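A.B. asks: 3D model of this:
(one chain, ligands or ions: 1)
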Amino acid sequence: MALQIAIAGAGLAGRLFAWALSRAGHSVQVFEAGLGPAPLFDGQGAAAFTAAGMLSPLAELEKAEAEIARLGWASLRLWPQIVCQLQAPVRLQCEGSLLIAHRPDLAAAQRVLARLGAEAAGLERLDATALRSLEPALLHSGVQAWLLAGEGLIHPPQAMAALHQAASSVQWCWQTPVRELAPGCLVLQNGAEQAFDWVIDCRGLGARSEPLTEKLRGVRGEVIGLELAKHGLRRPVRLLHPRHRIYLVPRTPDELVLGASEIESEDRSPVSLQSAVELMAAAHSIMPSLSEARITRLDRNLRPALPDNKPLARAEPGLIRLNGMYRHGWLLAPALVQLLLLQTGLGNLES
Ligand SMILES: Cc1cc2nc3c(=O)[nH]c(=O)nc-3n(C[C@H](O)[C@H](O)[C@H](O)COP(=O)(O)OP(=O)(O)OC[C@H]3O[C@@H](n4cnc5c(N)ncnc54)[C@H](O)[C@@H]3O)c2cc1C
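C.D. replies: Presented below is the predicted three-dimensional model:
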């Protein structure tokens, strides 16, 4: 039966739900505070646009529990099925990712590997020859590297645009912030109240007005967009460094994203000179050809996180909440959306 469904928030979770529910034949309306479907890269708006798009269930075990990895592997199985049903192209690749450390930092790197627990035993240690053949663009002498097989990457701006485009029967209401919501009911900022069969709360940090999500906090992340023709990097790579924990993600054959792991702050101000210099110096230390890269974008945003850094995926009659995906949104969203769709009988990402 076709139902009337309202979604609050057109970030990653909101767009995945909108696409899945419209495919299932429901009448879907999305209410979003932001100006329109495209990102402004102004430090506001959906964290999903700023994200690097690493799909790293193994590497995330450093800071997350086994359940996150389990959901991550489930999402890695769902992403290819989702992407192949979208009309617009979305870059998705699952050829593994790399951890790399300069030799003097091996002790710090070993401590990180130890935090990955039993899974670390499955990591493939790469000698210089193996590293050179896998990733010729990376420095291969004076470093130690490990391959995390099966991990992947997705192109977040492409995926966000493709989900919006594919959900064409959805009614998208931009510049329409939601003030509060309850089972089957949603109140807009202007006081207008509307009734629906189901309401889905995907407002990220905008959901702090609700008791269940009032403890959400923003965890700042900074990224630098780089352009370097035929840069040659194929897989995401994380530098294990005692101070400068950075990652580099190839986005297209000519574009990369460089980012810093996380900063416990809700500061949305632009990236500082020191931060940018440190990030770029650390990246250059593992990929010397970056000296010729052009900086195309300096961006920052806040990851929505709950006190335990675990996601909240909950359904009660008439109301679904998905929030607190923290630094794993792209890794977790398909598995969590699927869980909630099946629990409520509203749809199925796989069908
Ligand atoms: C720098 C950075 C790097 C990251 N890298 C990765 C990565 O490599 N891999 C990974 O898996 N994850 C990564 N993430 C995390 C990922 O982006 C988030 O977990 C994910 O975006 C959360 O999705 P969401 O839909 O819950 O929230 P969001 O994507 O933030 O979307 C929330 C939406 O709700 C809207 N909204 C807010 N308030 C209201 C309101 N009152 N009414 C209506 N709409 C409202 C917002 O405008 C926004 O569009 C990264 C995040 C950052 C910031």
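A.B. asks: how far away is Ser97 from the ligand?
C.D. replies: 10 Å (Cβ to the nearest ligand atom, to the nearest Å). For glycine as for every other residue, the C-beta is placed from the backbone atoms N, C-alpha and C.
A.B. asks: now Cys185
C.D. replies: Taking Cβ to the nearest ligand atom, one finds Cys185 at 15 Å from the ligand.
A.B. asks: need the contact list for that residue.
C.D. replies: Contacts for Cys185 (Cβ atoms under 8 Å, 6 or more residues apart in numbering) come out as 193-196, 199, 318.
A.B. asks: Would you mind listing which of these are buried?
C.D. replies: For the contacts of Cys185, a burial check counting by 16 or more other Cβ atoms under 10 Å picks out 194, 196, 199, 318.
A.B. asks: would you turn the residues you listed into CSV with distance to the ligand and pLDDT?
C.D. replies: Converted to CSV, the buried ones among the contacts of Cys185 look like this (distance: Cβ to the nearest ligand atom, whole Å; pLDDT from 0 to 100):
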residue, distance to the ligand, pLDDT
Gln194, 13, 97
Phe196, 15, 98
Val199, 12, 98
Gly318, 18, 98
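A.B. asks: What is the nearest of the residues you listed to Ala109?
C.D. replies: Comparing the buried ones among the contacts of Cys185 against Ala109 with Cβ to Cβ places Val199 closest, at 46.0 Å.
A.B. asks: What lies in contact with the helix or strand where that closest one lies?
C.D. replies: Per DSSP states H and E: Val199 is located in strand 198-201. Residues outside strand 198-201 that contact it (Cβ under 8 Å, 6+ apart) are 3-9, 14, 17, 181-186, 207, 210, 213, 318-323, 344, 346.
A.B. asks: mind listing what Leu233 touches?
C.D. replies: Residues in contact with Leu233 (Cβ under 8 Å, 6+ apart) are 135, 137-138, 248, 250, 256, 287.
A.B. asks: As CSV, these with pLDDT, neighbour count and secondary structure would be great.
C.D. replies: Converted to CSV, the contacts of Leu233 look like this (pLDDT from 0 to 100; neighbours: other Cβ atoms under 10 Å; DSSP: H, G, I helix; E, B strand; the rest coil):
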residue, pLDDT, neighbour count, secondary structure
Glu135, 97, 23, coil
Ala137, 97, 21, coil
Leu138, 97, 22, coil
Leu248, 98, 28, strand
Pro250, 98, 24, strand
Leu256, 98, 26, strand
Met287, 97, 24, coil
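A.B. asks: For the residue in the stretch 251-351 of the chain positioned nearest to the ligand, give me its contacts.
C.D. replies: For the stretch 251-351 of the chain and the ligand, the shortest gap (Cβ to the nearest ligand atom) falls at Gly329, measuring 2.2 Å. By Cβ under 8 Å, 6+ apart, the residues touching Gly329 are 12-13, 47-48, 51, 303.
A.B. asks: again, but for Ser141
C.D. replies: By Cβ under 8 Å, 6+ apart, the contact list for Ser141 reads Ala128.
A.B. asks: Report the buried residues of stretch 146-159.
C.D. replies: Buried residues in stretch 146-159, counted by 16+ other Cβ under 10 Å: 146-148, 150-159.
A.B. asks: Out of these, which is nearest to Ile263?
C.D. replies: Pro156 (19.5 Å).
A.B. asks: circling back: and the residue of the stretch 251-351 of the chain closest to the ligand, backbone torsions?
C.D. replies: Per-residue torsions, Gly329: phi -60, psi -50 (degrees, to the nearest 10).
A.B. asks: Dump the helix or strand bottoming out on mean pLDDT in the chain to CSV, restricted to CA.
C.D. replies: Taking mean pLDDT, DSSP states H and E as the measure, the chain has helix 106-115 as its least confident helix or strand, at a mean of 88. Extracted in CSV, the C-alpha atoms of helix 106-115 (Å, rounded to 0.1, in the frame of the first residue of the first chain):
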residue,chain,number,x,y,z
LEU,A,106,56.7,2.1,13.2
ALA,A,107,56.1,1.8,17.0
ALA,A,108,53.2,4.2,16.8
ALA,A,109,51.9,2.3,13.7
GLN,A,110,52.1,-1.0,15.6
ARG,A,111,50.0,0.5,18.4
VAL,A,112,47.3,1.4,15.9
LEU,A,113,47.4,-2.1,14.3
ALA,A,114,47.1,-3.6,17.8
ARG,A,115,43.9,-1.7,18.3
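A.B. asks: List the buried residues in that helix.
C.D. replies: For helix 106-115, burial by neighbour count (16+ other Cβ under 10 Å) applies to 109, 112-113.
A.B. asks: same for it, what does it pack against?
C.D. replies: For helix 106-115, the packing partners by 3 or more Cβ pairs under 8 Å, 6 or more residues apart in numbering; DSSP states H and E come out as strand 97-102, strand 143-148.
A.B. asks: The first one pairs with which strands?
C.D. replies: Each strand pairing with strand 97-102, determined using DSSP bridges, is listed with its direction: strand 143-148 (antiparallel), strand 237-239 (parallel).
A.B. asks: circling back to that earlier point, any idea of the angle the least confident helix or strand of the chain forms with strand 97-102?
C.D. replies: Taking axes from the mean of the first three to the mean of the last three Cα atoms, to 10 degrees, one finds helix 106-115 and strand 97-102 inclined to each other by 150 degrees.
A.B. asks: Could you point out which residue ranges in the stretch 151-300 of the chain have low pLDDT?
C.D. replies: 261 (pLDDT under 70).
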